[in-house]
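Trainee: requesting a structural model of the entry that follows:
(one chain, ligands or ions: 2)
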Amino acid sequence: MKVKKSLALGMAACMGMQLLCACSRQRTDKIEKVQMGVTCYDQSDTFISSVIDSLKEQLGQYQNEGVTATVTVMDAAGLQRTQNDQIEELISSGCNVLCVNLVDRTDPSEIIDLARKNNVPIIFFNREPVAEDMLQWSELYYVGAYAEQSGVLQGELAAEAIKADNGIDRNRDGKIQYVVLEGEPGHQDAIIRTETAVNTLKENGILLEKLSYGIANWSRAQAQNRMTQMIGQHGDKIELVLGNNDDMVLGAIDTYEKLNFTKASWPVFFGIDGTDVGLEAVLDGRLAGTVYNDKEGQAGAMVKLAVALVIGEGMDEIEFEDDRYIYLPYRKVTSGNAGEFLAE
Ligand code: GAL
Ligand code: CA
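Mentor: Ligands and ions are numbered 1, 2, ... in the order given. All right, here's what the predicted structure looks like:
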């Protein structure tokens, strides 16, 4: 009972605050305090945790022009239900802008309702809601990257490597025997990356033979298991491993190391993300190449947009696609430039 009452009081106070915010947003005075609430689908995801680190850092640098900023980060640990509750908590604690990395990108309705009721804008990131859901309310934004481009660049990197080194076709049959490690089914970056990478290789004249694929949900540990199974089936016939992200190809490399394959019978590996561990693997030659998923650019766009939404200034300086989307470009990474990305 007591709990309920204090919750109700808290909610009332918080709604009061939101009303104040709403009013002052319409007036010309600035709201100087940006209170950002962030929830991510799984903070143990290497790429996501690096986006969050960059976001905190860049928000910290925003303490100029009289803006003070705080950020609260929550981990939904793979449960949409948990994430919905976190949104309620973040709003109750006074957050005036939300950054949401959906667990289930097809299920944002409850979150959108909560945010709309309290007039707190949402910046979705990395896991793109479907277009109809983005139309549910005018204060919804998305920051991410072009999935297709990442696949095209990965395919180009692999094609360039195969053309430059005829030793990659180890059995000299004129075809490249390959396997793919795929991210979560239903994620905008999984199927599209695979399709566009494979098509790009074909468009570049590379003859391919698909031996197998394994779904490893972006995870290094799951990829180790999938790779063990695929090696069990195909032995040393695998010449190329394409991964939808770096962590999964690193898991595949772990397996080759564990099974003591001689370097001469290793396939070549290509990832996507350019996480610190991925870049290090490119530099030490275990990974032939990766595609940089611009975590600093994405985090920076989120911070800039969040600040503009709260203080009501600077929106006109932001370039959107279709009014509410911001996509950062990917870039190719090889041993020649990996060091520069590591320094970013
Ligand atoms: C992708 C990224 C993956 C994983 C996933 C999570 O863009 O490449 O490594 O972080 O997002 O949604
Ligand atoms: Ca071959």
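
Trainee: residue in the stretch 1-150 of the chain nearest to ligand 1?
Mentor: Nearest residue of the stretch 1-150 of the chain to ligand 1, counting by C-beta to the nearest ligand atom: Phe47, 3.4 Å away. For the C-beta atoms, the positions are set from N, CA and C on the backbone; glycine is no exception.

Trainee: nearest spatial neighbour of Val67, skipping sequence neighbours?
Mentor: Glu32 (5.6 Å; C-beta to C-beta, 6 or more residues apart in numbering).

Trainee: nope, Arg116 is what I meant
Mentor: Arg116's closest residue in space is Trp137 (C-beta to C-beta, 6+ apart), at 4.9 Å.

Trainee: picking up where we left off before, so which helix or strand takes in the residue of the stretch 1-150 of the chain closest to ligand 1?
Mentor: In this assignment (DSSP states H and E), Phe47 forms part of helix 46-60.

Trainee: run the chain-centre distance for the helix or strand hosting Ser212.
Mentor: In this structure, Ser212 sits in strand 208-215 according to DSSP H and E. With C-alpha atoms, centre = their mean, to the nearest Å as the basis, strand 208-215 stands 24 Å off its chain's centre.

Trainee: now tell me what touches that strand from outside.
Mentor: When contacts are defined by C-beta atoms under 8 Å, 6 or more residues apart in numbering, strand 208-215 is touched by residues 175-185, 194, 198, 201-202, 223, 226-227, 229-230, 233-234, 237-238.

Trainee: just the buried residues out of these, in ChimeraX syntax.
Mentor: Selection of buried members from those for ChimeraX, criterion 16 or more other C-beta atoms under 10 Å:
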select :176,177,178,179,180,181,182,183,184,194,198,201,223,226,227,230,237,238
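
Trainee: can you list which of the contacts of strand 208-215 are found in helices?
Mentor: Thr194, Val198, Leu201, Lys202, Ala223, Arg226, Met227, Gln229, Met230, Gln233, His234 (DSSP state H).

Trainee: can you name the residue of the stretch 101-250 of the chain nearest ligand 1?
Mentor: Nearest residue of the stretch 101-250 of the chain to ligand 1, counting by C-beta to the nearest ligand atom: Asn245, 3.4 Å away.

Trainee: give me the pLDDT value at Glu132.
Mentor: Reported pLDDT at Glu132 in the predicted model: 97.

Trainee: again with Met11
Mentor: Model confidence at Met11 (pLDDT) stands at 39.

Trainee: swap in Gly66?
Mentor: 72.

Trainee: confirm that His187 lies within a helix, as I assumed.
Mentor: No: read with DSSP: H, G, I helix; E, B strand; the rest coil, His187 is coil and lies in no helix.

Trainee: just the pLDDT for it.
Mentor: For His187, pLDDT reads 96.

Trainee: the closest residue to it other than its chain neighbours in helix, strand or coil?
Mentor: Closest residue to His187 apart from its sequence neighbours, by C-beta to C-beta, 6+ apart: Arg127 at 6.8 Å. Using three-state DSSP, the structure places Arg127 in coil.
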